[in-house]
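A.B. asks: Below is the structure, and that's it, no one-letter string:
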């Protein structure tokens, strides 16, 4: 079983990397990009018996820093 | 003063910290590898050095904060042992929850490596007792993720409780309220991005970092 964990910066937390990407896109001539936020995608290959609560605990303990980041768990089939 | 320096894979300021501690205290610090689960007995000070522990994978300090030795470091801090985290050490202490907030990518996204002017905000802690409050000192920084961030309530609490030890005198990395170093609520854990161990003798270009170690020696004996 696989799960995807999306880690993103909380709203209001300045994202210097997102800003740099935004700037680069503008430099390449792409118009209409209002904002860019960069995050992480972490793919987990899990044993069948791993519960949702376990994945959430992994996120809180290590995968995301909840001072500055949010996480979203998506289970794949 | 009996001290120890924690060594993680990727630490690279451990030797500088050892030399500084040896020079000021006259005693060799113990070196403790990150896989140890116990610290030497009778420690007065634990140094968490700078570097790129675990290659900064995931987030700076995130892996090191969860390594076996950090449980022992937390227990020691709870018992009142002084802990000094420098640069990556500061990142590790925030990731371990021993200090509030987080250190994000510099607002300029570039690595910053130069001497910076700092203002000593609080001379009440054992770490800063040899400075005068409001004094300007010069200590080098070398980091990519030194942009201190915390929610407004936490920042207000740090200010109100006098827990901001050092502030940048000018713009360095985008840190909230120009914070360069903070102490925990008990005052026995200091995290700072600048490198005091690199300003110990005149050949370094200055000795402003030395007084942190001298202050600890004076307080601890």
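C.D. replies: Right, received. Where do you want to start? Computed from a prediction, not measured in an experiment: that's the story for all the values here.

A.B. asks: tell me which parts of chain A are close to chain B?
C.D. replies: Residues of chain A lying close to chain B (Cβ under 8 Å from any Cβ of the partner chain) are A:13, A:14, A:16, A:17, A:19, A:20, A:61, A:62, A:63, A:65, A:67, A:68. (Each C-beta comes from the backbone N, C-alpha and C, glycine too.)

A.B. asks: do that again at 6 Å, thanks
C.D. replies: Applying Cβ under 6 Å from any Cβ of the partner chain, we find that chain A lies next to chain B at A:16, A:20, A:62, A:65, A:67, A:68.

A.B. asks: longest helix in chain A, by residue count?
C.D. replies: helix A:16-27 (DSSP state H).

A.B. asks: what's the offset of that helix from the middle of its chain?
C.D. replies: Relative to its chain's centre, helix A:16-27 lies at 18 Å (Cα atoms, centre = their mean, to the nearest Å).

A.B. asks: cool, and stretch B:207-221?
C.D. replies: When distances are taken as Cα atoms, centre = their mean, stretch B:207-221 is centred 13 Å away from the chain's centroid.

A.B. asks: distance between the ends of stretch B:193-212?
C.D. replies: 14 Å (Cα to Cα, to the nearest Å).

A.B. asks: pLDDT averaged over that stretch, what's the number?
C.D. replies: Averaging pLDDT along stretch B:193-212 gives 96.

A.B. asks: For it, buried residues please.
C.D. replies: Going by neighbour count (16 or more other Cβ atoms under 10 Å in any protein chain shown), the buried part of stretch B:193-212 is B:193-200, B:204, B:206, B:208-212.

A.B. asks: Likewise for stretch B:68-88?
C.D. replies: B:69-70, B:72-74, B:76-77, B:81-88.

A.B. asks: what comes into contact with that stretch?
C.D. replies: B:6, B:34-39, B:43, B:45-48, B:50-51, B:53, B:93, B:96, B:143, B:188-191, B:193, B:195 (Cβ atoms under 6 Å, 6 or more residues apart in numbering or on different chains).

A.B. asks: What are the boundaries of the helices in chain A?
C.D. replies: A:16-27, A:52-58.

A.B. asks: From the buried residues of stretch B:68-88, pick the one nearest residue B:21.
C.D. replies: Nearest to residue B:21, judged by Cβ to Cβ, of the buried residues of stretch B:68-88 is residue B:84 at 9.5 Å.

A.B. asks: For the closest one, give me the pLDDT.
C.D. replies: We have a pLDDT of 98 for residue B:84.

A.B. asks: State the pLDDT value of residue A:77.
C.D. replies: With respect to pLDDT, residue A:77 has a value of 67.

A.B. asks: any idea how far chain A is from residue B:137?
C.D. replies: Applying Cβ to the nearest Cβ, to the nearest Å, the value for residue B:137 to chain A is 27 Å.

A.B. asks: Enumerate the residues of chain B near chain A.
C.D. replies: Looking at chain A, the residues of chain B close enough under Cβ under 6 Å from any Cβ are B:59, B:66, B:102, B:105, B:107, B:109, B:149.

A.B. asks: Neighbour count, secondary structure and distance to residue B:167 added to those residues, as CSV?
C.D. replies: Listed next are these as CSV, based on neighbours: other Cβ atoms under 10 Å in any protein chain shown; DSSP: H, G, I helix; E, B strand; the rest coil; distance: Cβ to Cβ, whole Å:
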residue, neighbour count, secondary structure, distance to residue B:167
B:59, 24, coil, 24
B:66, 16, coil, 30
B:102, 22, strand, 18
B:105, 22, coil, 20
B:107, 17, coil, 16
B:109, 15, coil, 22
B:149, 22, strand, 15
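
A.B. asks: want to throw those into JSON lines with pLDDT?
C.D. replies: Conversion of those to JSON lines gives the following (pLDDT from 0 to 100):
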{"residue": "B:59", "pLDDT": "96"}
{"residue": "B:66", "pLDDT": "96"}
{"residue": "B:102", "pLDDT": "97"}
{"residue": "B:105", "pLDDT": "94"}
{"residue": "B:107", "pLDDT": "93"}
{"residue": "B:109", "pLDDT": "89"}
{"residue": "B:149", "pLDDT": "96"}
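
A.B. asks: Rebuild the residues you listed as JSON lines, extending it with distance to residue A:42.
C.D. replies: JSON lines is the format used below for these (distance: Cβ to Cβ, whole Å):
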{"residue": "B:59", "distance to residue A:42": "12"}
{"residue": "B:66", "distance to residue A:42": "15"}
{"residue": "B:102", "distance to residue A:42": "18"}
{"residue": "B:105", "distance to residue A:42": "18"}
{"residue": "B:107", "distance to residue A:42": "25"}
{"residue": "B:109", "distance to residue A:42": "22"}
{"residue": "B:149", "distance to residue A:42": "21"}
